[in-house]
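> what's the 3D shape of this:
(chains A and B)
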There are 2 protein chains.
Amino acid sequence: MAQGTKSISSPVRIGICAPSTPFTREGAERVVALATESHPQAELIFDEQCFFEHGHFAGSDEQRLESFVALANNPAIDAIWFARGGYGAARIAEAAISRLDHNANHKTYLGYSDAGNMLGALYRANIGVVAHGPMPSDIGRTGGEEAVRRALDWIVRKQANALEPGLVSGQKHAAFNVMTLAMMTGTELMPDLRDHILIVEEISEYLYAFDRAMFHICSNLAEHGLSGIKLGRVSDIPKNDRPFGEDPEAIAKRWSEDNEIAYLGRADIGHDAHNRIVPFGLLEI
Amino acid sequence: MAQGTKSISSPVRIGICAPSTPFTREGAERVVALATESHPQAELIFDEQCFFEHGHFAGSDEQRLESFVALANNPAIDAIWFARGGYGAARIAEAAISRLDHNANHKTYLGYSDAGNMLGALYRANIGVVAHGPMPSDIGRTGGEEAVRRALDWIVRKQANALEPGLVSGQKHAAFNVMTLAMMTGTELMPDLRDHILIVEEISEYLYAFDRAMFHICSNLAEHGLSGIKLGRVSDIPKNDRPFGEDPEAIAKRWSEDNEIAYLGRADIGHDAHNRIVPFGLLEI
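Sure thing, here's the model as predicted:
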């Protein structure tokens, strides 16, 4: 067996922590039941911290930090799956990276939305195999089982059919929520995206806020040598007192082109059950 | 009479344009009536563009740009007063600056909220006397007449009692809305704030979004040699499904101190009638 591959029967131990907001025990039980059925070789380890509550967050900054670091540095764990987004990962990501050891290097990391702060910081530090994709909390969506199974298809088997279908072999990619990425630019969490196709998605933002964030992202990345930008879904847009006058794609295209970044069309990611996997970095499949 | 000063009887011609969202004719009439009473030497010139509507904006990008540039380059105009915030100035500010001539240099510019994009870009380019303070649209607030009179006290007479009371003579200051500034960092609109006291205020943002934006601002300005950060009012905070767990001042203080920026306490600015004037740059009064 080649180094780094796993036989079909090896257990894949998936540590689950919540760097942002709390998950529910009921949701965790549903995810475990589904995984037992569909991916029997996966062993899901929900850290108790996933259920902590501390104001907005899944426990204090220190508790969320400790949970992630302990799982990432545990040599018996194969992958880290972020339980849920919300907000909070930006408060711990930089400190977390500084505490990781060599055991963190050989793991898969999966999440999206606010977990993008963790993905970005890990990718910047060249730690692990980082990917944008569904989280345990997606079990609560209509069709969420499909999203959870897709995530496990990636974590457990690196199945090619879980991938975003427009990804290009031999090309570098990265994917983020727009507002999450906008707030990462210029910080210690922001990875180098030179020569990457950047895929972005958004949810629950007014179109003026989406326009403003695209201004910020494209202006900040204008000189960074992106290969281009693709747009995932922009969903649940709140109704404003008047129409904005442009749709999300026109906004993304205009800010890309104003900053001499190639706009490369749509991508199959978003805050929904259809959210496909985008591994960061060079796609070799 | 010293160069650059005005006798009490000279008319002060104030050009008003809307780089973001539209103002109303009724509001404009109220502001003109108030000014006629309280500041008879002021001549208010509401550009027709203030009342244009184009989707979200007060006219197309080109119309908003043309209105501002024409007023700023008009030698017969003494001051530019931004009519209203909302969103839109970021789409025209860089282009606007590139088209200004020497006539723009000797003017006062006043506004806040989204107009911060214009203030920042003007200040970065070292054009005019730039200040953060009330706009004509404030006439619609409870007590809004007081805000409008304060703005005119500043534009027409540079009255010291219009100023934010904590400003320090011999010190540099700048003031911005938090989200507006967060989206300006790293762009061509962002001024150099070295040795400045930065005063920020916010409205209508969840505390998690305020926390995220303060993370972004403080991380981006950590190495920029700020003299410190002061916090204006953080108002109309939407109620979330659970309490955040920290108040706005604790958030501002924590992110400042985590980034080795001095937190200097509260300031009397905000999206309200009490919003006091903060001239950008060295205070010589």
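
> Leaving out the residues flanking it, which one is nearest to the residue of the stretch 151-285 of chain A found nearest chain B?
Going by Cβ to the nearest Cβ, chain B is nearest to A:Gly245 of the stretch 151-285 of chain A, at 1.9 Å. From N, CA and C alone the C-beta is placed, and that goes for glycine too. For A:Gly245, ignoring the flanking residues on the chain, the nearest one in space by Cβ to Cβ, 6 or more residues apart in numbering or on different chains is B:Gly55 at 1.9 Å.

> Kindly report the same for A:Val278.
A:Ala175 (3.8 Å).

> thought the one you found was touching A:Gly232?
Yes - judged on Cβ atoms under 8 Å, A:Ala175 makes contact with A:Gly232 at a distance of 7.3 Å.

> what do those two both touch?
Contact criterion Cβ atoms under 8 Å, 6 or more residues apart in numbering or on different chains; residues shared by A:Ala175 and A:Gly232: A:199-201, A:267, A:269.

> I'd like those residues as a markdown table, with distance to chain B appended.
Formatted as a markdown table, the shared contacts of A:Ala175 and A:Gly232 follow (distance: Cβ to the nearest Cβ, whole Å):
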| residue | distance to chain B |
| --- | --- |
| A:Ile199 | 21 |
| A:Val200 | 15 |
| A:Glu201 | 17 |
| A:Ala267 | 23 |
| A:Ile269 | 21 |
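
> Present those residues as TSV; the columns should include neighbour count.
Formatted as TSV, those follow (neighbours: other Cβ atoms under 10 Å in any protein chain shown):
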residue	neighbour count
A:Ile199	25
A:Val200	26
A:Glu201	27
A:Ala267	24
A:Ile269	27
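
> what number of residues lie near A:Glu62?
The local packing of A:Glu62 (other Cβ atoms under 10 Å in any protein chain shown) involves 11 other residues.

> in a strand, that's where it is, yeah?
No - A:Glu62 is assigned helix when assessed by DSSP: H, G, I helix; E, B strand; the rest coil, not a strand.

> how close does it sit to A:Phe68?
To A:Phe68, A:Glu62 is 11 Å away according to Cβ to Cβ, to the nearest Å.

> And the helices in the stretch 1-150 of chain A?
A:25-38, A:61-72, A:93-98, A:116-124, A:144-157 (DSSP state H, counting those that start in this stretch).

> residues of stretch A:27-44 that come out buried?
Within stretch A:27-44, the residues scored as buried using 16 or more other Cβ atoms under 10 Å in any protein chain shown are A:27-28, A:30-32, A:34-35, A:39, A:42-44.

> sorry, back to before: OK, contacts around the residue nearest to A:Val278?
Contacts of A:Ala175 by Cβ under 8 Å, 6+ apart are A:112, A:132, A:164, A:198-201, A:232, A:267, A:269, A:278, A:280.

> now A:Val31
Counting by Cβ under 8 Å, 6+ apart, A:Val31 makes contact with A:44, A:136, A:139, A:148.

> now those residues in TSV, with pLDDT and distance to A:Pro19?
Putting the contacts of A:Val31 into TSV (pLDDT from 0 to 100; distance: Cβ to Cβ, whole Å) gives the following:
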residue	pLDDT	distance to A:Pro19
A:Leu44	98	17
A:Pro136	98	13
A:Ile139	98	18
A:Val148	98	19
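
> now, which of the residues you listed sits nearest B:Asp258?
Nearest to B:Asp258 among the contacts of A:Val31: A:Pro136, at 29.7 Å, using Cβ to Cβ.

> Could you report the pLDDT at the residue in the stretch 1-150 of chain A positioned nearest to chain B?
Closest residue of the stretch 1-150 of chain A to chain B, Cβ to the nearest Cβ: A:Gly55 (1.9 Å). For A:Gly55, the model assigns a pLDDT of 97.
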